[in-house]
Structures are given as C-alpha cells and as structure tokens.
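Participant: With the sequence up front, the predicted model follows.
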2 protein chains.
Amino acid sequence: MSISKYEIRAGAYYDSVVLMQLQKSLAGLEGVVDAGVVMATPANRDLLQATGFDLSNMEEAGPDDLLIVVNAGSEAEAALAINQVDELLRRRRSTETHDFRPRSLKGAVDALPDAKWVLISIPGRYAAGVTEEALDLNKHVFLYSDNVALEDEIRLKRKARETGLLLMGPDCGTAVINGIGLGFANRLRPGNIGIVAASGTGLQAVSTGVHNLGGGVSQAIGTGGRDLKKEVGGISARQALDLLGRDPQTEVIVLISKPPDATVVTELLAAAQATGKPTVINFIGFAAPGEQLGNLKFAVNLKEAAALAVDMSSRASSSPAADKPVRVSSDAPYLRALFSGGTLAYEALLALQTVLSPIYSNIPIWPEQQLANSLVSQAHTVLDLGEDEFTQGRLHPMMDNDLRLRRLHQEAGDPAVGLIMLDVVLGEGAHPDPAAELAPAIAQVRASRGIEVVAIVLGTDEDPQDVGKQVRALEQVGAVVFRETADAVLYAAERLRPEVSYDYLPLPLADFDGELAAINVGLESFYESLKNQGTNAIQVDWRPPAGGNEKLMAILAKMRTK
Amino acid sequence: MSISKYEIRAGAYYDSVVLMQLQKSLAGLEGVVDAGVVMATPANRDLLQATGFDLSNMEEAGPDDLLIVVNAGSEAEAALAINQVDELLRRRRSTETHDFRPRSLKGAVDALPDAKWVLISIPGRYAAGVTEEALDLNKHVFLYSDNVALEDEIRLKRKARETGLLLMGPDCGTAVINGIGLGFANRLRPGNIGIVAASGTGLQAVSTGVHNLGGGVSQAIGTGGRDLKKEVGGISARQALDLLGRDPQTEVIVLISKPPDATVVTELLAAAQATGKPTVINFIGFAAPGEQLGNLKFAVNLKEAAALAVDMSSRASSSPAADKPVRVSSDAPYLRALFSGGTLAYEALLALQTVLSPIYSNIPIWPEQQLANSLVSQAHTVLDLGEDEFTQGRLHPMMDNDLRLRRLHQEAGDPAVGLIMLDVVLGEGAHPDPAAELAPAIAQVRASRGIEVVAIVLGTDEDPQDVGKQVRALEQVGAVVFRETADAVLYAAERLRPEVSYDYLPLPLADFDGELAAINVGLESFYESLKNQGTNAIQVDWRPPAGGNEKLMAILAKMRTK
C-alpha cells in the first residue's frame, strides 16, 4: 500500500512542458511510487483517481490551480518529495537557454519586426485576447490553444479576413508554412501539393503520406476543427483555397476535414472548383458524390488522399485542362429531376446535394430537404415519382408515363428551370416504348425556352425496347443522353455549378514565400522546434494577466531574482 | 375553358394496366381534352386537381373506389365520354388472351405444380394474406406490392426462413432468377456475378452495368427496401448471401442497398466475409470503411459497383485466396485503440464501426457509441486521448506519453482485451523518442497474456525522431507496425472479425437451377413478361375478397357472361 500526498498551488501558471518534467522528476525520487503534476481541473482529478491516486479528501480547486500529488511508500517519503518541488523547478529553470525573451507580444514584434507569424499555445481562456493583439499588430496567427469560445473564433476570423490575415485555429495542431512546421508537423520534401485541413493529424497523415510516396508539399494550412461548422462558414478554408489557387508553387490541392456542415460543403466544393487546380477532397466519413467532379477527386480515406495527390502532382503540369460544359443561363439556374427509379433518384440527390443548394426532394436525405408539397417543385428538386404517394392505385411510372409527362410540362412552365433530368428504365415489365411517348414532350420542352433535358437510359442491348432506338429517339429531339446516373449527375453538376467569387482581401502571396520568422507565445517545445528548424524565432515570456494569481506570481518573481 | 365530369364506382377493382388503358381510350374520344382513371385515394385526387381537373365538389371516396374523370369541351361531350366507360372496358376484355386462369392460388398450384415461384402485385392491403398462402403452399415469393405492414413483413420473412423459402419484398421491384426477370428486369447475359439488392433500380442499374461491360449475372435477388432495417434485420439478404456463397455458378457477389441500419451493417458485412467470395458492397451514401476489407470491396456508386464486379469476375477463378490473418482468441475478442491523433481515431472508428459491434468511443460518430465514462473502456473502444477532457492543463499525448502508458496497462488488465492499437505520431513538436517510453510498456503487455499490439507510426524519413529506429524499437517488443491508419484498421478488422454462422434452413440450391416456372397474382403485364421470356407461367384471376364490393362484382360477373 502506498500513501497519497498532494499540494495545491492556487493560481500557479507553468508551461505544460515544465509540469511534465516536474512530474517525471518527482516520480524518480527515492520512495516515490508515482507522481502527478497537472492543472486541477475536475477531469484531471478524475484521471488521477482512476490511476491510483487517492484524492477523495481534496478541497475545491480549479483550472488556474496547480495540483501536485505523489504516491509514496510512507507519509514521510511523500512529504519529502512534495517539499522538493521548488528545488526541482529551480534546477529546471537554470538549464533553460538564455535567449532574450520579451515580456509582451509588442516587445517581440519590436525585436523581430520581420516575423509575420505568431504561434499561440497558452491556455484557451487567455488565447482570444493575445490573438486579437497579434491581428492588431498585422500578424498571421497559428492558434494551437483549445477551449476558445466559438463566438471569439467567428469574430477573430472575420477580423483577420478583413485585413488579409490568416487565423489558423483555435485548436489548430499543425501547419507547414514556407517549409517550416508550426506546432506538430512532420518534416517534408518541398513540392507542388498544397494542403488545407480542418484536422491536425489528418494533415499530418496526408502530408506524411505524400512525402513517403515521393511527393512534396508547398504549403499545409490548418484551419482548426470548427472552421467548417455552419457558424464559422469555413472562413479560413476559403482563404486558404483562394491562396493556393493563386500560388504558383501549388499545382495540386488537398482538402481534408471531418464531414463539414452540409451548407458549407457546397460552398467549399464550389471554391475548390473555382481554383481550377486538381483538388483531392477527403471529408472523412462523408459519402462522396462520385469518384470525380470536374477538377475534384474524392478520396475514401487519408491514405488514398495522399496517393491521389501524388499521382496527380506528377502529371499536373503536363495534363491539359479538360473541356468543361458551359454553365446554363443564370436566369434559369434550377434543376428538376423526375425519376421513375427510386434508387437512381436517391443516388442523384446524394451526389447533387453536395454541389447544388438549396435542393429539395420527396425522398429527402436530410429533413431540411423535404419538399413542402410533392406536387410543386422548389429551387433544385429531385423527385422520385415511383414513391407510394404517386403510385397508390395507379401503375408505376416505369409502365405508365402519364404522370411524368404532366410533370415535365409543369416544370417547363417554370421560368427558373434550366435543366430537366429524367430516367428511362427499360427491360421486362417496363413500358414497351417509353421514348415514343417522352420524345414529343421533350421536343416541346426544348423548343419553348431551350431548356436542357438530360436523360438516363438504363438498359441492355437485349432488352425488348431496343435500347439503341430509345437513345436515338431521345437524342433526335435534343436530349443529352447518358447510360449511367453517375455520369448524368456529374454533367448536370457542371452545367449548374454555382458562380463563386472571393470578395475579401486576398492573403498576400509574399507572406507565403521566403524565410519564415515567427513569434511563439506559449509552449516552450514549439519555440525549440522553430529554432531546430533554423527559423528566426522569438519566445515571449508570457504570464497570465495578474489578478487572482498574485501569490504565485510573487513566488515566481522571487525565483527569477535568485 | 373545359368542363370536368367525374364518376365514382364504389369497390371497383381493376388491374392497374386496365385502368391506364381505359384512361388512354377516354382521352382519345372526340371532344375530350384530358382524362383520369385512378383509384380514389386522396393523393390521386390531389394529383388530378394539380393537373387541371376540377374535383372541388367530389364526395368522399377511398382506395377501393374507382375515380373516372374527364375534361371535355362541353358538358355533353363529357357525359358522353363517361357513358362509354363500360363499353371501353368490354372491348378491352375481348382482346385478352384466353389462357386458363384459375381463380385461386391453390388452383394455380394444382395446374402448374412445378412452379416454385409466386409473383404477387395486388394492392398492399391484400398482399400479406396471399403471400402467407403461397408460403403455406411451399413457394418462394416475389412480392412487388407496397403498403404492406412492417409487422407482416417480419412475420412472413421469419416464416419463410424457417422453411427454407425466400420472400423477396414487399416493395420488391426486380429480380432475375435462373435467367428469368421477375417484375421490372433487364435482359442479361448469364454469368458468374450474383447480386443481392434492397433496392429495385439499384439492382437494375448494377445488373445493366455488368451486362454492358461484358459481364454476366448468375442470380439477382431483391429483398425489398425495408429488409436491412433493424426491425427486419436483413433476413432476406442473409438468406441470399448464404445461397450465393454456396452457389457454384456465382464467383463474385454484389450487395446493394441504401445505407442499412448500423446494427445490420456489421452482421451483413460479416456474412459477406463468410462467403469467402469477392464481394462488392455499395451501401449508397454510406461512408465505406476503406477501399477493401478482406474479400470485400467498397464501391462509391452503382456505376463503380458494376465495374468492380466485372473486373473481379474476370479474375475470380484464377486469383488465389489471400492469406487472412487468423482471428484473435474468442475469449479475448475486444479491441482497445488508444489514439493521440484525433483524426486518426475518427478514421479508425469510422472504419471499425462497420465490422466491430458494439463499439464505443469518447468521440462517438453515433450517439449510441458514446462511452459512458471516458476513463473506463467497454467492449470495443476507440479513444482519442488528445480530446479536451484529457488535455486541459496538461500536455498533448503526442508530447507526453504518461496518460497513454497508464491507459495501456489499464486495458491490458482487462481479460476481454485481445488487441490494443495505438498511434505514434512523429515530427516537429512531438515527443523526441516516443518508442523509448512505449516499447517497454508494450513488452509488458505482450508478455502478460500475449495481447496483440498494433502500432501506427506516422512520420517521414526526415523527422527528427528517426522513423526507422522508432519502427524497429516497437517491432522488437512484438508490436505489429503499420505506417497508415487505414492499413492498421484493416488488419485489426480481420484479426477481430466476428464468427458468423448461418443457423437456418438454407435455401435449396436446386430451386435456383434449371427452368423457372411461376405463378402470377396481380399485374397482367408481369404475366405477359414471363410468357415473353418463354417461362412456364400461369395467371391467377385474382379479385379482392368480396364484402363491400358486391355492386361492382355483380357488374363484372355480368360482363364476363356476355
């Protein structure tokens, strides 16, 4: 049996690296079985309890208070260990480098005016203030800290965007800017692949994969995990895509995130399309609209994202841009898809919802896509006319074209409609000659306002309807015919793709070129890492603003004068 | 302006094909602008209203009542058209074939005892009864009807399974059995690809794609869209997979569905793995766990599903079975994954949740995966130790191994744990030598009960930690090391894959071989299609059970005697 003994130091701030080292030193003392040195949050207290420390009688303490606990063979050994804390901290202090350390960010900027980048990794509740200070000093910010309020993130990102500054984070674990890793970052070959990631280890996994496959990275920009939430709207990701689109070093782009908010997806994909550069998308766990959509390729996981990027990067400069279908008139921007096949409708909706917004359906994938009235389309609409509501007591639309013909004319009468899609399913049991009934109606639709009609003809050369004849009959009246839903959907997505413009002050390309200089506020290890990479860097000797912390501040001040 | 005139015939049952033809005949009469002939459901009434028929004064009517409506230039012309309904029906009747038509399913079975298959496409509210009758007569059922109660589906599927019978549907649109299309079905080359689909046009799209790419189909089995719901539990899909696994004609399997219930996914994938045959999975809109998982390949859409199947089918008999990792002991079946990288944890959970059940996490993708207490693992558990709850006021686990080492020992102490997974993220900012701390702990874990340890080392050859040294140090203590999360996950999935046995009476292979004979109850066009395909088929002259319908039954009886 061992004895737990603990001490709480109210309002004591130390760099987490110092705490880790103190814990290791304590654990190494004679008679000590185990030691814990952490900020006294309830979570940390539970963690220590779970790993064998007895804190059942511990008084109240909070995230500003330092908790030191040891398990030792005896009360005396435990007490002896606790008593050595100050001495251990003092010894640690004496081994530190003696670089000049300004006490304020302003002081650091004066000392290193070339630094365009500020790394911030202090506790979250202080981070928004320091970030704002950095933006006011016209610096880009790499914000590692978590526990920053969402409202602060939104406010600060908008502020950064207004002035052509990039705010990566909060909770941004990694970035590689001008070849220098910020935070956690692997060492990478320079190259032509630019990465945007709302995911720290996602960025590390893909950049590492790229390197290990022989590729190289131009810039790797983290955005923080919440950037693609609806409330933030992908501010940093949009800035980064715009930058990489303009960056002459970047020939292939990779965009990585956990599944973004649905409303953000369409904007981001449109922005990625607007770069015109081959772009690999991996929204981890998001059902891709297909393998490819114009210049966008969808990867199934991080491994494939890296492989696709390297594959495309080796061919990037040599492959000519593919011919894109021109956009339909923006006066009539809407799709109306009239499916008889339920699964085809579902597959089409699944793919189109990622690029067309808003989109409605009588078989919604998300509740907000629910068409208020199945008899009246809205904006982009994908209809399954084979659904129960349309087929009770009447034949399925694969056998009876009546309902579809009526709806076709109804949609054509809506001046906002630019493209109508329909499927023609052949085979046993289906209508003996659907094109005979559909083609005259399509001809009328085409004639009225030049509305484009895209038809998917699903059938084999052995089907009784003569698939060749069906296709010809539809093509003769001006329908664009595909044999696979996936192909029709990609074509329609290109024809209807939204116009995108980037209306904010662009990030200056010059800041993403040449030698990087940086200011670090927070974790010592990030500063050391910058120096190890040969970066011109400066560490701010940051302390929490006084107030509540006076007691420890006094102790620390005393330590420093010794 | 045209005049709407309508007539309601209470309790009148006609085959929907007859109604469609009657509508066309009415619309072709002189003076008639438009006509509608449908069962008088509220939905159909709304549809007619929306397309220009005035039904504002229509009395109450229901799905058993026939609604006939015409728009004509004048009252007189409308009345004249309505008056011709009986004459048009009589004329249609006289053109019908005069095959023998038993009045009951039992009569049909007596007349065609070889028929092992019954197609049912009568209105949903009568379909369960006829299906039960067919099962009692020891027949497989293709149930096209929709609007069948879920409880009926569950009861009837269980009944079918008990007696080695297959119930496809309800709402099963398509199947191809022994080369014969049932319901809506394309004509296909015979071949070695077997299809199971909970989706009608999904089955048609993939089977057509297979044919058009030069491949062929052995059997294509529909299950109905609700089969993969939790309540039904994939009864038909499991029967079909078991059958195709045994079927010597089938060398490649394709499994298609809208995203199944999460609990059904793991069972189905385990069943697909148990077939041992190359299997293409497309759960449309479901995020795949990777490109491949043992014998399973995941397609992004229907087009790719067909292409993958054809590609694999051409190599099926020549490619040797890959060596599979053996299963860990079933006494210690559980995974515990201790990640420092949040996105790596997310990607691992995303993939593993499709094959391991139940699985828990502190970063759940679905609410039911939420770990009750992050400090205590349950069943399969994937932990992100870099989450806020673990890092407030302490270093990230990429820098400080303390928390992970403690948890590693904790997990190893659980006798139900067979495999522990962890990531080792190298690079700037990370721990200078993680393997030095992790390897001794892994050695202990390996020594205690031979627990398998799988490590993902994420890094480049330029990283300061020396990736080669890190890998060697981990391998030396018996860890299985991967460089990509995706690879580690697939390995673990194979090692931990659940045992699957199929404990029900198997479908007899003999029923899926040789010439098909069938009995059709319902849509005339399905009967005609069977005859067109050269099938030995019989049509039941089915009527709704009398009661409420006497009036029309009398009229029909009179018509038949003329």
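Facilitator: It's in.
Participant: Around residue A:414, how many other residues sit close by?
Facilitator: A count of neighbours around residue A:414, defined by other Cβ atoms under 10 Å in any protein chain shown, yields 16. In this view, the C-beta of every residue, glycine as well, is placed from N, C-alpha and C.
Participant: and it, what is it in contact with?
Facilitator: Under the criterion of Cβ atoms under 8 Å, 6 or more residues apart in numbering or on different chains, the neighbours of residue A:414 are A:334, A:336, A:377.
Participant: tell me which residues in stretch A:230-250 are buried?
Facilitator: A:232-245, A:247, A:249-250 (16 or more other Cβ atoms under 10 Å in any protein chain shown).
Participant: repeat for stretch A:433-448
Facilitator: Along stretch A:433-448, these residues count as buried under the neighbour rule (16+ other Cβ under 10 Å): A:433-435, A:438-439, A:441-443, A:445-446.
Participant: can you list those residues in JSON lines and add pLDDT, distance to residue B:415 and secondary structure?
Facilitator: Formatted as JSON lines, the entries for these read as follows, by pLDDT from 0 to 100; distance: Cβ to Cβ, whole Å; DSSP: H, G, I helix; E, B strand; the rest coil:
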{"residue": "A:433", "pLDDT": "97", "distance to residue B:415": "68", "secondary structure": "coil"}
{"residue": "A:434", "pLDDT": "97", "distance to residue B:415": "64", "secondary structure": "helix"}
{"residue": "A:435", "pLDDT": "98", "distance to residue B:415": "67", "secondary structure": "helix"}
{"residue": "A:438", "pLDDT": "98", "distance to residue B:415": "66", "secondary structure": "helix"}
{"residue": "A:439", "pLDDT": "98", "distance to residue B:415": "70", "secondary structure": "helix"}
{"residue": "A:441", "pLDDT": "97", "distance to residue B:415": "70", "secondary structure": "helix"}
{"residue": "A:442", "pLDDT": "97", "distance to residue B:415": "68", "secondary structure": "helix"}
{"residue": "A:443", "pLDDT": "97", "distance to residue B:415": "74", "secondary structure": "helix"}
{"residue": "A:445", "pLDDT": "95", "distance to residue B:415": "69", "secondary structure": "helix"}
{"residue": "A:446", "pLDDT": "95", "distance to residue B:415": "71", "secondary structure": "helix"}
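Participant: quick check, distance from the helix or strand harbouring residue A:86 to the centre of its chain.
Facilitator: Assigned by DSSP states H and E, residue A:86 belongs to helix A:85-94. Helix A:85-94 has its average C-alpha position 42 Å from the chain's average C-alpha position, going by Cα atoms, centre = their mean, to the nearest Å.
Participant: Flag the shaky bits of the stretch 101-250 of chain A, pLDDT-wise.
Facilitator: Residue ranges of the stretch 101-250 of chain A with pLDDT under 70: none are present.
Participant: mind listing the helices in it by residue range?
Facilitator: Assigned by DSSP state H, counting those that start in this stretch, the helices in the stretch 101-250 of chain A fall at A:105-111, A:124-136, A:150-162, A:200-212, A:235-246.
Participant: Any chance of those in CSV with distance to residue B:48 as columns?
Facilitator: Rendered in CSV, the data for the helices of the stretch 101-250 of chain A read as follows (distance: least, Cβ to Cβ, whole Å):
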stretch, distance to residue B:48
helix A:105-111, 72
helix A:124-136, 61
helix A:150-162, 51
helix A:200-212, 54
helix A:235-246, 48
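Participant: For the stretch 101-250 of chain A, what lies in contact range of chain B?
Facilitator: Those residues of the stretch 101-250 of chain A that sit near chain B, judged by Cβ under 8 Å from any Cβ of the partner chain, are A:123, A:146-147, A:173-174, A:181, A:183-189, A:199-202, A:204-205, A:208-209, A:211-212, A:225.
Participant: Kindly write the ChimeraX command that selects the buried subset of these.
Facilitator: Selecting just the buried residues from those in ChimeraX takes one command, with 16+ other Cβ under 10 Å as the test:
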select /A:123,146,173,174,181,183,184,185,186,187,188,189,199,200,201,202,204,205,208,209,211,212,225
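Participant: Identify, from the buried residues of stretch A:433-448, the entry nearest to chain B.
Facilitator: Nearest to chain B, judged by Cβ to the nearest Cβ, of the buried residues of stretch A:433-448 is residue A:434 at 12.3 Å.
Participant: can you tell me how far the residue nearest to the closest one when sequence neighbours are not counted sits from residue B:212?
Facilitator: When the adjacent residues along the chain are set aside, residue A:434 lies closest to residue A:424, with 5.1 Å between them (Cβ to Cβ, 6 or more residues apart in numbering or on different chains). Using Cβ to Cβ, to the nearest Å, one gets 15 Å for the distance from residue A:424 to residue B:212.
Participant: Same question for residue A:128.
Facilitator: To residue B:212, residue A:128 is 58 Å away according to Cβ to Cβ.
Participant: again, but for residue A:499
Facilitator: 36 Å.
Participant: Same question for residue A:48.
Facilitator: The spacing between residue A:48 and residue B:212, counted by Cβ to Cβ, is 64 Å.
Participant: Equivalent analysis for residue A:396, please.
Facilitator: Counting by Cβ to Cβ, the separation of residue A:396 from residue B:212 is 23 Å.
Participant: go on, residue A:158?
Facilitator: Distance, residue A:158 to residue B:212, by Cβ to Cβ: 52 Å.
Participant: Nearest to chain B among the contacts of residue A:414?
Facilitator: Relative to chain B, and with distances defined as Cβ to the nearest Cβ, the nearest of the contacts of residue A:414 is residue A:377, at 11.6 Å.
Participant: okay, the closest one: pLDDT?
Facilitator: pLDDT for residue A:377: 97.
Participant: List phi and psi for it.
Facilitator: For residue A:377, the backbone dihedrals (degrees, to the nearest 10) come out as phi -80, psi 160.
Participant: does it really touch residue A:361, like I thought?
Facilitator: No. Shown here, residue A:377 and residue A:361 do not form a contact pair, counting by Cβ atoms under 8 Å, at 9.7 Å.
Participant: between these two, what contacts are shared?
Facilitator: Common contact partners of residue A:377 and residue A:361 (Cβ under 8 Å, 6+ apart): A:371, A:383.
Participant: Show me which residues of the stretch 251-400 of chain A are close to chain B?
Facilitator: Remark: the part of the stretch 251-400 of chain A in contact with chain B comprises A:256, A:258, A:284-288, A:290-291, A:298, A:300-304, A:340-344, A:346-347, A:350-351, A:365, A:375-376, A:388-396, A:398-400, using Cβ under 8 Å from any Cβ.
Participant: Put the buried members of these into a ChimeraX selection.
Facilitator: When burial is assessed using 16+ other Cβ under 10 Å, the buried subset of those is captured in ChimeraX by this command:
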select /A:256,258,284,285,286,287,288,290,291,298,300,301,302,303,304,340,341,342,343,344,346,347,350,351,365,375,389,390,391,392,393,394,395,396,398,399,400
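Participant: Can you tell me the closest non-neighbouring residue to the residue of the stretch 451-562 of chain A found nearest chain B?
Facilitator: With distances taken as Cβ to the nearest Cβ, the stretch 451-562 of chain A approaches chain B most closely at residue A:462, which sits 3.8 Å away. Nearest residue to residue A:462, sequence neighbours excluded (Cβ to Cβ, 6+ apart): residue B:187, at 3.8 Å.
Participant: wait, isn't that neighbour in contact with residue A:428?
Facilitator: Yes. Taking contacts as Cβ under 8 Å, residue B:187 lies within contact range of residue A:428: 6.8 Å.
Participant: which residues do those two both contact?
Facilitator: The contact sets of residue B:187 and residue A:428 overlap at A:463-464, B:181 (Cβ under 8 Å, 6+ apart).
Participant: Tell me the one of these nearest residue A:84?
Facilitator: Ranked by distance to residue A:84 (Cβ to Cβ), these are led by residue B:181 at 84.0 Å.
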